[in-house]
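Q: Quick one: sequence plus predicted model below, questions after.
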Amino acid sequence: MTFAKLLLACSLAAIQLFAAPAQAQSAAVTATLSANEAASRLRVVPQRLSKLYLQTRLNIDRELSTVRIEDGIKQFDGLLAVVQRSQPGGKAQATLLTIEQKWAKMRVDLTELPNDAVAQRLSADAEQLAAAAQLLTTQLDADPSPIARLADMALRNDMLAQRMARLYMQVKAGAGGNQSADIEKIRKEFAEALTALSEAPQTSNTIRSNIDLARLQWGFFEAAVGTKGWDEANVRNVATTSERISQVLSDIAISYRKMRA
């Protein structure tokens, strides 16, 4: 084995070791979710996976992005299994079938070596899967409580941040055209939702501290997304801050969920 290959192997091992606790936490959380909660999280994963694939296309943290893609595939599979076990009927059953079919196609594409054609397909699939998961979340909604709504809002914001990062990566990869109108809509909805979460009477001080952390990371994220032209440091900042935002918003949703237990 050459020194370069040995170095790469050691780097991948370190990445996997670092990612392991997050994977274990994700699996533990997934195992206790209701079908509606799992569907709510299904909105996020395709946008994030498409973003990560584009990062490999742009050679941004390629090894780590690849590991995260593998973890994200397992996460989606686990969430989908939760919904499938609930055996939804009626319109929800039809929506679930659509998700299963689209995911089967996206799952295969995610294993392809980075190329523009696959990147474009994955971006389209991410949009369709997120929309179908949003519809499924509505169809399965069995908890009208304010706390449930706040948890759902936090996860939707996670999806919005991942979508905005994915649109940005599309543009940088030359596969997205002008996404400024969509990005501006996301900025507005995300900021409004973050304010609503912070001001909700059900929000504890601990959750509010996490919301403030998300807002801080969002500021860095917005600044990086707003840069013009190619700047690898800014592209890397979008990659890293979008992951941090995702973790914080997931933690916020979990915290709301615990308040209902």
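A: Structure received.

Q: helix/strand/coil for Gln202?
A: The three-state assignment at Gln202 reads coil, by DSSP: H, G, I helix; E, B strand; the rest coil.

Q: residues contacting it?
A: Gln202 is in contact with 146-147, 150, 256, 259, counting by C-beta atoms under 8 Å, 6 or more residues apart in numbering. Just so you know, the C-beta spots here come from the backbone N, C-alpha and C atoms, and that holds for glycine as well.

Q: repeat that with 10 Å
A: Shown in contact with Gln202 (C-beta atoms under 10 Å, 6 or more residues apart in numbering): 145-147, 149-150, 256, 259-260.

Q: With Ala119 instead?
A: By C-beta under 10 Å, 6+ apart, the neighbours of Ala119 are 50, 53-54, 56-58, 109, 112, 169-170, 173-176.

Q: and it, what are its phi and psi?
A: Per-residue torsions, Ala119: phi -60, psi -40 (degrees, to the nearest 10).

Q: so which of the contacts of Gln202 comes closest to Ala94?
A: Ala94 lies nearest to Arg149 out of these, by C-beta to C-beta, at 25.0 Å.

Q: which element follows the helix or strand bottoming out on mean pLDDT in the chain toward the C-terminus?
A: Using mean pLDDT, DSSP states H and E, helix 3-31 stands out as the lowest-scoring helix or strand of the chain, at a mean of 45. Next helix or strand after helix 3-31 toward the C-terminus (DSSP states H and E): helix 35-42.

Q: roughly how far out does that following helix sit from the chain middle?
A: Chain-centre distance of helix 35-42: 13 Å, with C-alpha atoms, centre = their mean, to the nearest Å.

Q: sorry, back to before: let's see which of the contacts of Ala119 end up in helices.
A: 50, 53-54, 56-57, 109, 169-170 (DSSP state H).

Q: For the residues you listed, give me CSV that also has neighbour count.
A: Shown next, in CSV, are the ones in helices among the contacts of Ala119 (neighbours: other C-beta atoms under 10 Å):
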residue, neighbour count
Ser50, 33
Tyr53, 29
Leu54, 29
Thr56, 20
Arg57, 23
Asp109, 16
Met169, 26
Gln170, 21
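
Q: Can I get those residues in JSON lines including pLDDT and distance to Leu122?
A: Below are the ones in helices among the contacts of Ala119 laid out as JSON lines (pLDDT from 0 to 100; distance: C-beta to C-beta, whole Å):
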{"residue": "Ser50", "pLDDT": "97", "distance to Leu122": "4"}
{"residue": "Tyr53", "pLDDT": "97", "distance to Leu122": "5"}
{"residue": "Leu54", "pLDDT": "97", "distance to Leu122": "8"}
{"residue": "Thr56", "pLDDT": "96", "distance to Leu122": "11"}
{"residue": "Arg57", "pLDDT": "94", "distance to Leu122": "10"}
{"residue": "Asp109", "pLDDT": "97", "distance to Leu122": "5"}
{"residue": "Met169", "pLDDT": "95", "distance to Leu122": "11"}
{"residue": "Gln170", "pLDDT": "93", "distance to Leu122": "10"}
